[in-house]
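K.L.:
Using only what follows, build the 3D model:
(2 chains)
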Amino acid sequence: MQKNRRSLSIPLLILCSALISAPVLAEEVQVSVKGMVCAFCAQSLKKKFSAEPAVSAVDVSLDTKLILLKLKPEPKLSDESITKTIQDAGYNVGKIKRLP
Amino acid sequence: MRIFLLALLALVTTYETEALARPLPFKGGASLMGVASDDWVESHVIYAPWRRLGIGAMYIWLKEQPDSVEQQFVLPHLTLLLQRWNDDDFQANLYLTGGLGLVNNFNTTKYAYVLSADADIESRRLYFSVLGRTIRSPDVVDFDLLQGRIGIAPYLANFAELNTWLVLQTDYTPNRNNELTLTPLLRFFYHSVLWEMGMSLRGSPVFNFIVEF
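P.N.:
Numbering: from 1, shown residues only, chains lettered A, B, ... in the order given. Modelled structure (predicted):
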């Protein structure tokens, strides 16, 4: 019994260390945008979101009419801020979906 | 020479620019737009402190007819976004611009004003725009322009790809030649660079160049 405990304790210790040191997974937010039909005009969206401290990457697709935001763990970016940024750029928000 | 200077001005600007079909940039943004042909050069700079209002100035150089005196206008103006419709597959806009400035004609300078209305609707494949503009200076110039554009994208390009449009522009200037001028144009944009080139059916070249920084 004691031998079993010892043989389990080392892998358990390794697993706990890995969990503690594992990086916090960045959140992704998918936003559907209404009126986004022109790539030249939509440059403003990429520029605006790239300047946000909470955003690490921006991907814009005219085919799917979606913006994919990759967020940093901190600071947080609220749905209200996302909506305001898109409206200030001249578009309307369809739906905001936070991806696990 | 003027076309070269305008292109150079567009190249060295540090302002973010917008397509010619959008007279108003996004809130907090600034635009520089330019149009050039052999008898017409036009440049606009505009800043939008709010989503629906822009503050700007336009410079216009034009020659009424061959061998006539050149006229130059400097017209500070306000541009108002009256209405915008955003849908899944299209965007439509209605703008109003008004301004008061100066015209230089026969080496004299007098006041002038501009009023214009723009409307456009675009999808990823088609776009239509109309512009009605009047520039007046009592006893100096009456200049009215009615312009229409129709464009078609032969292929659908995505956000980071080269976009190509075939455009047909029609201009009617009742106070100049009272004729309709047709100009086929090729429009390209790639990332933050847009350029258009064409030649009217009268043989006048047109070149427009916008860079976004």
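
K.L.:
Check the gap between B:V69 and A:L77 for me.
P.N.:
58 Å (CB to CB, to the nearest Å). Using the backbone N, CA and C atoms, a C-beta is placed for each residue, glycine as well.

K.L.:
who has more neighbours, the two?
P.N.:
Applying other CB atoms under 10 Å in any protein chain shown to B:V69 and A:L77 shows that A:L77 carries more neighbours, namely 18 against 11.

K.L.:
isn't that one right next to A:S56, touching?
P.N.:
No. With contact defined as CB atoms under 8 Å, A:L77 does not count as touching A:S56 (10.7 Å).

K.L.:
shared neighbours of those two, which are they?
P.N.:
The contact sets of A:L77 and A:S56 overlap at A:L71 (CB atoms under 8 Å, 6 or more residues apart in numbering or on different chains).

K.L.:
Just give me the neighbour total for A:T83.
P.N.:
A count of nearby residues for A:T83, using other CB under 10 Å, gives 14.

K.L.:
OK, contacts around it?
P.N.:
Residues in contact with A:T83, defined by CB under 8 Å, 6+ apart, are A:V93, A:I96.

K.L.:
Is it correct that it falls within a helix?
P.N.:
Yes. Secondary structure of A:T83 (DSSP: H, G, I helix; E, B strand; the rest coil): part of a helix.

K.L.:
how much space between it and B:R51?
P.N.:
For A:T83, the distance to B:R51 - CB to CB - is 13 Å.

K.L.:
partners of whichever helix or strand B:P184 is part of in the sheet?
P.N.:
Per DSSP states H and E, B:P184 falls inside strand B:180-190. Strand pairing for strand B:180-190, determined by DSSP bridges: strand B:163-172 (antiparallel), strand B:193-199 (antiparallel).

K.L.:
buried sites along stretch A:76-89?
P.N.:
With burial defined by 16 or more other CB atoms under 10 Å in any protein chain shown, the residues of stretch A:76-89 counted as buried are A:L77, A:I82, A:T85, A:I86, A:D88, A:A89.

K.L.:
same thing with stretch B:113-133?
P.N.:
B:113-114, B:116, B:118, B:120-124, B:127, B:129, B:131, B:133.

K.L.:
Distance across it, terminal residue to terminal residue?
P.N.:
Start and end residues of stretch B:113-133 are separated by 11 Å (CA to CA, to the nearest Å).

K.L.:
need the residues of chain A near chain B, please.
P.N.:
Chain A comes close to chain B at residues A:34-44, A:46-48, A:60-63, A:65, A:87-92, A:94, as judged by CB under 8 Å from any CB of the partner chain.

K.L.:
how about the strands paired with strand B:180-190 in CSV, adding mean pLDDT and mean neighbour count?
P.N.:
Listed next are these as CSV, based on pLDDT from 0 to 100; neighbours: other CB atoms under 10 Å in any protein chain shown:
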stretch, mean pLDDT, mean neighbour count
strand B:163-172, 95, 17
strand B:193-199, 89, 17
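
K.L.:
Output these in TSV; the columns should cover distance to A:V29.
P.N.:
Shown next, in TSV, are the strands paired with strand B:180-190 (distance: least, CB to CB, whole Å):
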stretch	distance to A:V29
strand B:163-172	26
strand B:193-199	29
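
K.L.:
on that earlier part again, pick the one among the buried residues of stretch B:113-133 closest to B:M58.
P.N.:
For these, the closest approach to B:M58 (CB to CB) belongs to B:V114, at 7.2 Å.

K.L.:
Show me what the closest one is bridged to.
P.N.:
B:G99, B:I135.

K.L.:
Also B:K63?
P.N.:
Residues in beta-bridge contact with B:K63 (DSSP bridges): B:E70.

K.L.:
check contacts around whatever residue of chain A ends up closest to chain B.
P.N.:
At 2.9 Å from chain B, A:G35 is the closest residue in chain A, using CB to the nearest CB. Going by CB under 8 Å, 6+ apart, A:G35 touches A:G90, A:Y91, A:N92, B:R84, B:W85, B:N86, B:D87, B:F90, B:Q91.

K.L.:
From B:P25, how far out is the residue in chain B that chain A sits nearest to?
P.N.:
Nearest residue of chain B to chain A: B:N86, at 2.9 Å (CB to the nearest CB). Separation of B:N86 from B:P25 (CB to CB): 16 Å.

K.L.:
next one: phi and psi at the most centrally placed residue in chain A?
P.N.:
Centroid-nearest residue in chain A: A:E28, 2.3 Å away (criterion: CA atoms, centre = their mean). Backbone torsions of A:E28, given as degrees, to the nearest 10, read phi -120, psi 140.

K.L.:
Who are the contact partners of it?
P.N.:
A:L68, A:L69, A:K70, A:L71, A:R98, A:L99.

K.L.:
Sounds good, over and out.
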